[in-house]
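K.L.:
what's the 3D shape of this:
(one chain, ligands or ions: 3)
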Amino acid sequence: MARISLRQLLDHAAEHDYGVPAFNINNMEQGLAILQAAQACDAPVILQASRGARSYAGDIMLAKMMEALEAMFPAIPICIHQDHGNNVATCMTAIQHGFTSVMMDGSLREDARTPSDYAYNAAITAEVARLAHMVGASVEGELGCLGSLETGKGEAEDGHGFEGALDHAMLLTDPDEAERFVMETGVDALAIALGTSHGAYKFSRQPTGDILAMDVIERIHARLPNTHIVMHGSSSVPEEWQEVFNTHGGAMRETWGVPVDEIVRGIRMGVRKINIDTDLRLAAVAEFRRIATTRPEEFDPRKFLKPSMDAMASVCRARFEAFGTAGHAGAIKVIPLADMARRYASGSLDPHPPIRAAA
Ligand code: G3H
Ligand code: 13P
Ligand code: ZN
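P.N.:
Ligands and ions are numbered 1, 2, ... in the order given. Just a heads-up that it's a prediction; the model follows:
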């Protein structure tokens, strides 16, 4: 069994200059696709479940599924992460169900709709970090709100995201504040806002620096060179899958995602965790559509689900290769959470010092 904490995995990624895609998971097919791809290229894995996933599949089903995946793929270190936790209870119950890492997203209030302020965010994130670290689980925080620099809007299609429009000050993480936030909360990883948003409709054109602010990563990394940076909303929304989807009766309007090359550039600047949900949704449903239209006589769900799994696995494999995750699973010796807890208690896993404090 190789259930790894986010902190240990991202420390390894930082040491060896790679990034780890964090794929959202709701069902068995996604789990098998991700792990089959990981096994094929020896990549460690982050599986993340949103609150939506937990209510869709149920905590017990998700927990048992994770156990099954671990048993089937014992050579692959698997981090199980709560995506966008909205309060302390969501994070604590995730840990109760075997998650090794939680995101406390205090950039929004508990309703996951209302932008919060710094004080609220820092206080609730620090509280989650204090509790999670006692049992060795890792914590990701978020500073700045995810949303489009083109429209000022958050993409609320997945039930998580602010309503209305925000100005750039809230849509771009401030490096000064980031430094303060990491030190005050003790987070292991920091999600930042740089113009990405959830869902398929991220950019109305091929993104350039004015709407995908990669320079924010550079500026935060210069201040916090040892902090693991997380990019949310990082699906690339591949044109080839948009085409399969639209050719077979789908109606996705013209859109651009985050180019894989930009993510690779981000990894060179300190990005270690890259959140991807939409790309697997799109590939899976595009295959559904293709089979439904080309084989209208088909009614065995497995004949839809198996090609969907293959489509998702091909996307996962491409990301593992591009982000440099491939080839690292075998080299990781998993540290049990109890040992991680002892390390937090002893202070050896305190927040990574910012560059000025280190000097
Ligand atoms: O948080 C963003 C992910 O895409 C999760 O979406 O809440 O629909 O599961 P979801
Ligand atoms: P995408 O919608 O770009 O896949 O982002 C997913 C995400 O950030 C989950 O937290
Ligand atoms: Zn996200």
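K.L.:
what about the strands in the protein?
P.N.:
Using DSSP state E, the strands of the chain run over 20-24, 45-49, 78-85, 101-104, 138-143, 189-192, 228-231, 271-276.
K.L.:
Quick one: closest of those strands to Gln39.
P.N.:
Nearest to Gln39 among the strands of the chain is strand 45-49 (9.4 Å), distances taken as C-beta to C-beta. Every residue, glycine included, has its C-beta placed from N, CA and C.
K.L.:
Just the CA atoms of the closest one, as PDB, please.
P.N.:
What follows is strand 45-49, C-alpha atoms only, in PDB (Å, rounded to 0.1, in the frame of the first residue of the first chain):
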ATOM      1  CA  VAL A  45      -0.500  10.100  -8.500                       C
ATOM      2  CA  ILE A  46      -2.700  12.700  -6.900                       C
ATOM      3  CA  LEU A  47      -6.400  11.800  -6.900                       C
ATOM      4  CA  GLN A  48      -8.600  14.600  -5.700                       C
ATOM      5  CA  ALA A  49     -12.200  14.500  -4.700                       C
END
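K.L.:
Let me know whether it sits next to ligand 1.
P.N.:
No - using C-beta under 6 Å from any ligand atom, strand 45-49 never reaches ligand 1; the gap is at least 8.0 Å.
K.L.:
quick one, that strand and strand 138-143 angle?
P.N.:
Between strand 45-49 and strand 138-143, the angle comes out at 60 degrees (axes from the mean of the first three to the mean of the last three C-alpha atoms, to 10 degrees).
K.L.:
The residue in the stretch 251-359 of the chain positioned nearest to ligand 1: how many residues sit nearby?
P.N.:
Going by C-beta to the nearest ligand atom, ligand 1 is nearest to Asp277 of the stretch 251-359 of the chain, at 3.4 Å. Asp277 has 25 neighbouring residues, counting by other C-beta atoms under 10 Å.
K.L.:
Am I right that Trp256 is in contact with Ala200?
P.N.:
No - contact criterion C-beta atoms under 8 Å: Trp256 and Ala200 do not qualify, at 9.7 Å.
K.L.:
which residues are in contact with both of the two?
P.N.:
Residues touching both Trp256 and Ala200 (C-beta atoms under 8 Å, 6 or more residues apart in numbering) are Val237.
K.L.:
near ligand 1, which residues of the stretch 201-350 of the chain show up?
P.N.:
So far as C-beta under 6 Å from any ligand atom goes, the stretch 201-350 of the chain lies against ligand 1 at Asp277.
K.L.:
would you list every one of the helices in the stretch 201-350 of the chain?
P.N.:
214-223, 239-247, 260-268, 278-294, 301-322, 337-346 (DSSP state H, counting those that start in this stretch).
K.L.:
got it, and the stretch 51-200 of the chain?
P.N.:
51-57, 59-72, 88-96, 118-134, 168-171, 175-185.
K.L.:
Skipping adjacent residues, who's closest to Ala174 in space?
P.N.:
Let me fix one detail, which is that residue 174 is Asp and not Ala. Gly144 (7.4 Å; C-beta to C-beta, 6 or more residues apart in numbering).
K.L.:
Before I go, just wanted to say thanks for your time.
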